[in-house]
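Colleague: Quick one: sequence plus predicted model below, questions after.
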Amino acid sequence: MAVTERLQHRAEQLAAALPPLLVASERVAATIAQGVHGRRRVGLGETFWQFRRYQPGDPVRMIDWRQSAKTQAVFVRETEWEAAQSIWLWRDASPSMHYRSRKDLQDKSEHADMLVLALASLLIAAGENVALLGTGHLPTSGRMAYNRFCHAVLAEVTETEGLPAIELLPRHGHVVWVGDLLAPLDDIKARMAAYVSRGVHGHLVQVLDPAEETLPFKGRIRFQGLEGEAPTLIGRTDTVREEYAERMTTHQAGLKDLARIFGWSYAVHRTDRPPQTALLALYMALARIAGS
């Protein structure tokens, strides 16, 4: 079995350990949650959002024959209510994610990939539409959608920035960011604000190597950056441990504050801990919004 197949299989096993998760955005002025699987809702949900090309798996009832007749392509009409059932997942693919402090640990990128694959498996099993943010793919559901999602995640793609690009998403949709989130807080705040301005709900999962939280090294250490930073030589690493820990604590407190201000969720996952812990935290965060 290839490495990518093993990773996909492990992600499916991880997702199977939790009950199916039905994710829904907050219902504005709604008293009864209604999905889009064969049901309709009057009001905001019927607001037209976009035409998009028909994809395998789309219900035939969604085809807009008038729009399709204007071109050679087949188009479906998508409303904001339908789009709001979609979840865009993102994982950091920048070089800093390829770090591990010990040989017995997986690097951060492997954990991030595992988490988004497992979450996608849960969501698609619950009938939700899922897409990988930044690929240009539209959210879809079903086995074919999961295979396409896995292919996009496991593709050898390296990003230069540790934050997702700003994309125009429908109101009341969801984004899930999985990465080390070590960018400056002002940069993170600006990206979050761009999504919040569109009424998009968000969830942050910070993936860290344990050494990034505790700086356990001793003695003379040369730290080499993974993203082009100049190397830093510290004569006695243990003498800066306390200051380093304070800065990391301050940064994480800042992330927690941003999540609170914008109404997002925030969780930390360390690579020396089982991924089920982080997946369960996401499950609880998404379930709380679904039940609100």
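Modeller: That came in fine, so what should we check first?

Colleague: rest of the way, CA atoms for contacts and neighbours
Modeller: Fine.

Colleague: since we're on Thr239, how many residues are nearby?
Modeller: Neighbours of Thr239 under the rule other C-alpha atoms under 10 Å: 12.

Colleague: now Asp187
Modeller: Asp187 has 11 nearby residues by other C-alpha under 10 Å.

Colleague: which regions of the stretch 1-150 of the chain lie under the pLDDT threshold?
Modeller: Confidence mapping of the stretch 1-150 of the chain against pLDDT under 70 gives the ranges 1-4, 13-52, 55-59, 61-62, 77-85.

Colleague: quick one: contacts of the helix ranked longest in the chain?
Modeller: As assigned by DSSP state H, the longest helix anywhere in the chain is helix 241-262. Applying C-alpha atoms under 8 Å, 6 or more residues apart in numbering, the contact partners of helix 241-262 are 182, 185, 189, 192-193, 196, 203-204, 213-216, 264-266.

Colleague: Of these, which pair is most distant in space?
Modeller: Farthest apart among those by C-alpha to C-alpha are Val196 and Pro216. That separation is 37.3 Å.

Colleague: what about these two, which has more around it?
Modeller: Remark: of Val196 and Pro216, Val196 carries more neighbours, 17 against 12, as counted by other C-alpha under 10 Å.

Colleague: Tell me, how many residues neighbour the closest residue to the more buried one other than its chain neighbours?
Modeller: Leaving aside its chain neighbours, Val196 sits nearest to Phe262 (6.9 Å; criterion: C-alpha to C-alpha, 6 or more residues apart in numbering). Phe262 has 17 neighbours, counted by other C-alpha under 10 Å.

Colleague: which residues in the protein form helices?
Modeller: Using DSSP H, helices in the chain cover 3-16, 65-69, 80-83, 108-125, 143-154, 185-196, 210-214, 241-262, 275-290.

Colleague: Of these, flag the one that's most buried.
Modeller: helix 108-125 (a mean of 25; mean count of other C-alpha atoms under 10 Å).

Colleague: just how off-centre is it within its chain?
Modeller: A distance of 9 Å separates the C-alpha centroid of helix 108-125 from that of its chain, computed with C-alpha atoms, centre = their mean, to the nearest Å.

Colleague: domains of the protein?
Modeller: Per the record, the chain has its domains at 3-23+85-290, 26-83, by automatic domain parsing.

Colleague: can I assume Ala211 is in contact with Leu105?
Modeller: No: judged on C-alpha atoms under 8 Å, Ala211 makes no contact with Leu105 at a distance of 11.1 Å.

Colleague: How about Arg100: what's its closest non-neighbour residue?
Modeller: Asp107 (4.6 Å).

Colleague: For that neighbour, give me its contacts.
Modeller: Counting by C-alpha under 8 Å, 6+ apart, Asp107 has contacts Met97, His98, Tyr99, Arg100, Asp209, Thr271.

Colleague: Near the fifth one, how many other residues are there?
Modeller: It stands for Asp209. Applying other C-alpha under 10 Å, I find that Asp209 has 23 neighbouring residues.

Colleague: next one: phi and psi at Lys139?
Modeller: Careful, residue 139 is Pro; it's not Lys. phi -60, psi 130 (degrees, to the nearest 10).

Colleague: just to revisit the earlier point, do you know which of the helices of the chain lies nearest Arg91?
Modeller: Nearest to Arg91, of all the helices of the chain, is helix 108-125, at 6.0 Å by C-alpha to C-alpha.

Colleague: what is the orientation angle of that closest one with helix 143-154?
Modeller: 170 degrees (axes from the mean of the first three to the mean of the last three C-alpha atoms, to 10 degrees).

Colleague: Which neighbouring elements make contact with helix 108-125?
Modeller: helix 3-16, strand 86-91, strand 129-132, helix 143-154, strand 174-179, strand 201-208, helix 275-290 (3 or more C-alpha pairs under 8 Å, 6 or more residues apart in numbering; DSSP states H and E).

Colleague: I'd like a version of the ones you listed in TSV, one that adds distance to Glu229 as further columns.
Modeller: Compiled in TSV, the helices and strands packed on helix 108-125 are given as follows (distance: least, C-alpha to C-alpha, whole Å):
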stretch	distance to Glu229
helix 3-16	30
strand 86-91	22
strand 129-132	29
helix 143-154	26
strand 174-179	19
strand 201-208	19
helix 275-290	30
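
Colleague: and the gap between Tyr266 and Ala11?
Modeller: Using C-alpha to C-alpha, to the nearest Å, we find Tyr266 at a distance of 21 Å from Ala11.

Colleague: An error on my part: the question was meant for Glu5.
Modeller: Glu5 is 10 Å from Ala11, by C-alpha to C-alpha.
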